[in-house]
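**Q** sequence unknown, structure follows:
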């Protein structure tokens, strides 16, 4: 290991249109201790932030009616749609995975991940 350890911090959280303050504090603290830190953030690679709130349309109304319906005939379709939506929304972002691969080619000494539970597939792929 070199005199100054090299850290790669992968911030998978893109629920805001800017990096979080906690990541900034962590990076500043590590750098203040003489540790070289590279931060990989989805926002810096043109991955759009997740929408927290959106304007709802007729499709949202239909989805809500189907989702909350007590009709047993709709149970199979609800499970199928929920499964497909879960897979689609939780899949690893190919752009981020490519950038993580490039960053790992630099052989950091430590990799830190900042992620929520919905990033589990991405964390598995990075691991």
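**A** Looks like it arrived, so ask away. Computed from a predicted model, the values in this text were never measured in an experiment. Residues are numbered from 1 along each chain as shown.

**Q** what's the spacing between residue 110 and residue 53?
**A** To residue 53, residue 110 is 36 Å away according to C-beta to C-beta, to the nearest Å. (C-beta placed from N, C-alpha, C; glycine too.)

**Q** Of those two, give the one with the bigger neighbour count.
**A** residue 110 (13 against 5; other C-beta atoms under 10 Å).

**Q** Nearest spatial neighbour of the more buried one, chain-adjacent residues omitted?
**A** Nearest residue to residue 110, sequence neighbours excluded (C-beta to C-beta, 6 or more residues apart in numbering): residue 7, at 4.8 Å.

**Q** Pull the number of nearby residues for that neighbour.
**A** 19.

**Q** repeat for the one 4 residues further on
**A** Counted with other C-beta under 10 Å, the burial measure for residue 11 works out to 22 neighbours.

**Q** ok, back up a step: the residue nearest to residue 110 sits in which helix or strand?
**A** Secondary structure assignment for residue 7, by DSSP states H and E: strand 6-11.
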